[in-house]
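>>> the following block contains a protein sequence and its predicted model.
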Amino acid sequence: MPENKSANAALAGLEKGGNKLSVAFAGKAFETGQYIPRAGTCCHPDCHSPCPNLFHPGAQSAPTLSLPNANGTYLAVCLDMDAPFLSVPILGPIAHWIQPDYKPDTTSTADTLTCESGSHIIDYIGPAPPPGSGPHRYCFFLYEQPADFDARKHRSVPEGQQVGVRKRMFYSLDAFERQAKLGPIVACNYFTSN
């Protein structure tokens with residue numbers, strides 16, 4: 001299982017007030033560590049009835065990212081740090097998404113980032129822990145993208161194809177950072193889901 005030192009350091013920094021990436025699904029941002037159901041249902045894990053104040057649209061589609069004072073080009077990564085079970089995370093981390101080419105949205109007064117290309121390195125997949133698993137941490141990391149970054153060099157499948165489960169397991173973010181010549185994580189955030 002890869003160590004992912006930079007991811008763990010960024011998450012520890014986030015808990016101490018580090019730079020927080022705003023991540024929203026269907027226009028609704030989550031708070032750090034918030035529970036989000038797989039599909040649009042109640043946001044409280046023990047809730048079994050409709051409760052509109054706790055409703056969240058779910059996290060099955062790629063999110064919208066926002067970062068205050070963003071002024072460059074960024075690359076986003078999402079990892080499930082706890083696969084397959086919190087107590088035995090032997091398959092993780094699992095790569096849920098790597099998307100380059102995010103830039104500040106010049107048409108918005110918000111701090112929203114827009115993706116300049118639809119070309120992903122790893123396509124987005126939403127939460128899918130196995131039955132009986134406790135909530136997993138789905139962590140989002142944002143990097144400044146190097147000027148000479150070429151996504152084609154980092155794809156494991158041809159452009160436009162979905163990446164299979166086996167190529168997502170045991171993902172070493174540290175190794176990807178070295179290969180892609182990324183600097184430190186600029187901002188991060190996470191939610192939990194099962």
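Here it is on my side, so go on. Numbers count the residues shown, from 1 in each chain.
>>> pLDDT score for residue 56?
With respect to pLDDT, residue 56 scores 50.
>>> again, but for the one 4 residues further on
Confidence at residue 60, expressed as pLDDT, is 81.
>>> any idea which residue sits dead centre in this protein?
residue 78 (2.4 Å; C-alpha atoms, centre = their mean).
>>> next up, the contacts around that one.
Residue 78 sits next to 95-98, 124, 138-141 when contact means C-beta atoms under 8 Å, 6 or more residues apart in numbering. Every residue, glycine included, has its C-beta placed from N, CA and C.
>>> quick check: phi and psi at it.
phi -130, psi 130 (degrees, to the nearest 10).
>>> residue 185 now?
Taking degrees, to the nearest 10 as the convention, residue 185 sits at phi -60, psi 130.
>>> go ahead and confirm residue 138 touches residue 189.
No: using C-beta atoms under 8 Å, residue 138 is not in contact with residue 189; the gap is 9.5 Å.
>>> in stretch 138-146, which residues are buried?
138-145 (16 or more other C-beta atoms under 10 Å).
>>> typo on my end, it should be stretch 15-28
Here stretch 15-28 shows 19-23, 25 as buried, counting by 16+ other C-beta under 10 Å.
>>> and that stretch, end to end?
In stretch 15-28, first residue to last residue: 21 Å (C-alpha to C-alpha, to the nearest Å).
>>> got the contact list for that stretch?
For stretch 15-28, the surrounding residues in contact (C-beta under 8 Å, 6+ apart) are 10, 13-14, 29-30, 32, 36, 40, 56-59, 61, 63-67, 111, 140-142, 186-189, 191.
>>> which residues in the chain form strands?
For the chain, the strands defined by DSSP state E occupy 22-25, 28-29, 64-66, 74-80, 94-104, 112-115, 136-144, 185-193.
>>> mind giving me the packing neighbours of the longest one?
By that I understand strand 94-104. In terms of contacts (3 or more C-beta pairs under 8 Å, 6 or more residues apart in numbering; DSSP states H and E), strand 94-104 is packed against strand 74-80, strand 112-115, helix 165-168.
>>> check those for me and report the most buried one.
strand 74-80 (a mean of 25; mean count of other C-beta atoms under 10 Å).
>>> partner strands of that strand and their direction?
strand 94-104 (antiparallel), strand 136-144 (antiparallel) (DSSP bridges).
>>> quick one: average pLDDT of that strand?
97.
>>> report the angle between it and strand 185-193.
30 degrees (axes from the mean of the first three to the mean of the last three C-alpha atoms, to 10 degrees).
>>> could you dump strand 74-80 to PDB, C-alpha only?
Extracted in PDB, the C-alpha atoms of strand 74-80 (Å, rounded to 0.1, in the frame of the first residue of the first chain):
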ATOM      1  CA  TYR A  74      -4.400  23.600 -11.700                       C
ATOM      2  CA  LEU A  75      -4.700  19.800 -11.600                       C
ATOM      3  CA  ALA A  76      -7.300  18.100  -9.400                       C
ATOM      4  CA  VAL A  77      -7.000  14.600  -7.900                       C
ATOM      5  CA  CYS A  78      -9.600  12.600  -5.900                       C
ATOM      6  CA  LEU A  79      -8.600   9.600  -3.800                       C
ATOM      7  CA  ASP A  80     -10.500   7.200  -1.600                       C
END
